[in-house]
Every structure is written in C-alpha cells, then in structure tokens.
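K.L.:
model this:
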Amino acid sequence: MVEKIVGGLILALLTYTGRTLWQNRQHLKLLKLLVMPWLRVRVSVAVLLRVHEEDHFVLFTSPTRPGAFGPPGGVVKYRESARSALEKLSFEPEQRNRSVMRLDLRGFLPGGRVLGFARWLQREDGREPATECLRRELVEELGEVGHEELVGLAGNVAFQHVRRVIDGPLKVAGENYRQLRFMEVFDLVPDRPEAAELRAALLALADEAPDTLVISATRREIALGRAGKHVVLPQSAFLVGDRRFREDIHPAG
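P.N.:
Okay, here's the model as predicted:
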C-alpha cells in the first residue's frame with residue numbers, strides 16, 4: 001500500500017513537472033522564479049531596431065541618459081483593455097514623469113507571477129504588436145534627434161524579426177528588486193524606395209562627424225561600452241547577440 005502511495009506521488013510529481021516544463025518551454029530560464037514567489041521583479045518589454053552596414057551599427061542619443069547612445073526603439077504599450085489581466089498578475093506600473101510613457105509595459109511583479117506575465121505577453125493580446133511599437137518609437141525618436149524630415153519615410157517601412165531576448169533576472173546595484181527585460185530585435189527591410197532611402201539617410205547621419213545625436217558603433221565598441229567620446233548603452237549588445245556585456249546605466253533624475 002505504501003509503495004503504491006509513494007509511486008502515485010512520484011508519478012504526480014513527474015506529471016506536474018513535465019506539464020510545467022512544456023507550458024513554459026519558451027521561458028525555461030524563468031522557472032527558478034517559481035521557488036522565489038516573494039521576490040520583487042522589475043519587468044520591461046521593449047523592441048529595438050538594427051540598422052547597420054557590415055560592422056557599423058546606428059545608435060541614437062538617449063534623452064534619459066545624456067551623453068549615452070543606444071539603438072532606436074522603446075517600450076511596448078499595453079491597451080486599456082488589458083488592465084484587468086495585468087491586475088490579476090499583480091502588475092504594478094512604474095511611475096514615470098513623462099506623459100509619453102503612459103501605459104508602458106514597465107513595472108513590478110512578484111516573482112511567482114513572472115511566468116504568467118511571460119505567457120500573457122506571448123499571446124500578444126492587449127498590447128501593441130512589436131512592429132507597431134517600433135514604428136511609433138522610430139517616428140518619435142527621429143524628432144528627438146532633430147530629423148523630422150525623415151518621419152514621413154518611417155511610416156512606410158517594414159521590419160524583419162531578428163531575435164527575441166529574455167535578459168535577466170539580474171541583480172540591480174542599490175535596489176531591492178531583480179531586473180528582467182523582454183526584448184525583440186528587428187531589421188529595417190529596404191524593400192521599398194522609402195525604406196531604402198531611410199536606411200541610407202540613417203547610415204549617412206551616423207557617419208557625419210558634426211552630428212552628435214546619431215552615431216555608429218562597431219561590435220568591439222559596443223562590447224567596450226564606448227565609441228570614441230560617446231558612451232554606448234548596454235542594450236546595444238542585443239544588436240549583435242543575445243547576451244549583454246555590462247550592467248545598466250541608470251536614467252538621469
């Protein structure tokens with residue numbers, strides 16, 4: 001009798017483990033958070049644009065990190081209709097001062113809810129599609145770097161998926177939470193005249209010495225975190241691979 005009970009418990013455990021692994025097969029690195037449900041985790045969901053010519057990658061100045069440069073792109077927004085689903089996951093939106101950051105998928109979760117959040121994210125229900133977010137961010141950032149003349153071109157471009165990255169969870173110096181980022185990287189597809197013109201314009205701007213708002217960086221410079229006198233933001237590493245080289249740089253203010 002005891003053997004049957006033990007055997008049944010082992011079978012149930014194996015079944016549960018197998019089902020959990022299968023349901024979360026695309027997020028296996030997050031399974032360890034199930035045993036740390038009390039952990040506070042800061043999550044963010046973002047898209048990055050890769051524009052490059054061989055070993056030279058286009059980077060834009062960062063308005064929140066003066067003097068630093070990173071790839072065009074930004075944080076995905078959630079829909080108003082998703083509030084209920086996010087509340088059930090105990091998602092706590094991060095408070096930011098800029099109104100343009102409203103509804104950003106950036107906030108805090110208990111460690112035990114991270115897998116549920118990852119599965120919700122994968123369904124793409126109640127949030128911006130990645131390409132829609134990337135087009136919106138590109139339009140905004142072209143204005144921020146002083147090249148509004150290129151905005152019209154950005155509305156007619158297509159993107160090709162390069163990679164999906166789950167970065168973390170990582171310890172954050174001086175904070176009581178872990179940092180976890182969900183990122184997708186896309187290439188600009190030069191399949192239309194507008195797209196080819198935009199790509200050529202961005203590459204030209206990055207090569208112009210007087211332009212201090214758009215630069216280019218090589219793989220080595222991205223790894224080192226510096227391109228000449230400019231600081232290269234750590235997320236730039238995802239333009240060339242799926243792992244970072246350095247810790248984050250905190251935003252000003």
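K.L.:
rest of the way, CA atoms for contacts and neighbours
P.N.:
OK.
K.L.:
burial of the spatially closest residue to residue 247 that is not a sequence neighbour, as a residue count?
P.N.:
Excluding the flanking residues, the one nearest residue 247 by C-alpha to C-alpha, 6 or more residues apart in numbering is residue 234, at 6.7 Å. Neighbour count for residue 234, taken as other C-alpha atoms under 10 Å: 21.
K.L.:
and what of residue 216?
P.N.:
27.
K.L.:
what about the helices in the chain?
P.N.:
2-23, 83-88, 114-123, 130-144, 151-154, 193-207, 219-224 (DSSP state H).
K.L.:
ok now the lengthiest strand in the chain, how far from the chain's centre?
P.N.:
Counting residues, the longest strand in the chain under DSSP state E turns out to be strand 158-171. Here strand 158-171 is found 6 Å from its chain centre; the criterion is C-alpha atoms, centre = their mean, to the nearest Å.
K.L.:
pLDDT of it, averaged?
P.N.:
Strand 158-171 comes out with an average pLDDT of 89.
K.L.:
for stretch 75-94, same thing?
P.N.:
Per-region confidence: stretch 75-94 scores 91 on mean pLDDT.
K.L.:
which stretches of the stretch 1-150 of the chain have low pLDDT?
P.N.:
Scanning the stretch 1-150 of the chain for pLDDT under 70 picks out the ranges 1-38, 96-100.
K.L.:
Pop out the phi and psi values for residue 218.
P.N.:
Dihedral angles of residue 218 (phi, psi; degrees, to the nearest 10) stand at phi -90, psi 170.
K.L.:
State the distance from it to residue 206.
P.N.:
Per C-alpha to C-alpha, to the nearest Å, residue 218 is found 12 Å from residue 206.
K.L.:
Compare the two (neighbour count), which wins?
P.N.:
The residue with more neighbours, out of residue 218 and residue 206, is residue 206; 23 against 18, by other C-alpha under 10 Å.
K.L.:
Can you check what angle separates the longest strand of the chain from helix 114-123?
P.N.:
180 degrees (axes from the mean of the first three to the mean of the last three C-alpha atoms, to 10 degrees).
K.L.:
Pull strand 158-171 out as PDB, backbone CA atoms only.
P.N.:
Extracted in PDB, the C-alpha atoms of strand 158-171 (Å, rounded to 0.1, in the frame of the first residue of the first chain):
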ATOM      1  CA  ALA A 158       8.600  47.100 -42.900                       C
ATOM      2  CA  PHE A 159      10.600  45.200 -40.300                       C
ATOM      3  CA  GLN A 160      12.100  41.700 -40.200                       C
ATOM      4  CA  HIS A 161      12.400  39.800 -36.900                       C
ATOM      5  CA  VAL A 162      16.000  39.100 -35.900                       C
ATOM      6  CA  ARG A 163      15.800  37.700 -32.300                       C
ATOM      7  CA  ARG A 164      13.900  37.500 -29.100                       C
ATOM      8  CA  VAL A 165      15.900  38.000 -25.900                       C
ATOM      9  CA  ILE A 166      15.000  37.500 -22.200                       C
ATOM     10  CA  ASP A 167      17.600  39.400 -20.300                       C
ATOM     11  CA  GLY A 168      17.800  38.500 -16.600                       C
ATOM     12  CA  PRO A 169      16.600  38.300 -14.000                       C
ATOM     13  CA  LEU A 170      19.600  40.300 -12.800                       C
ATOM     14  CA  LYS A 171      20.500  41.900  -9.500                       C
END
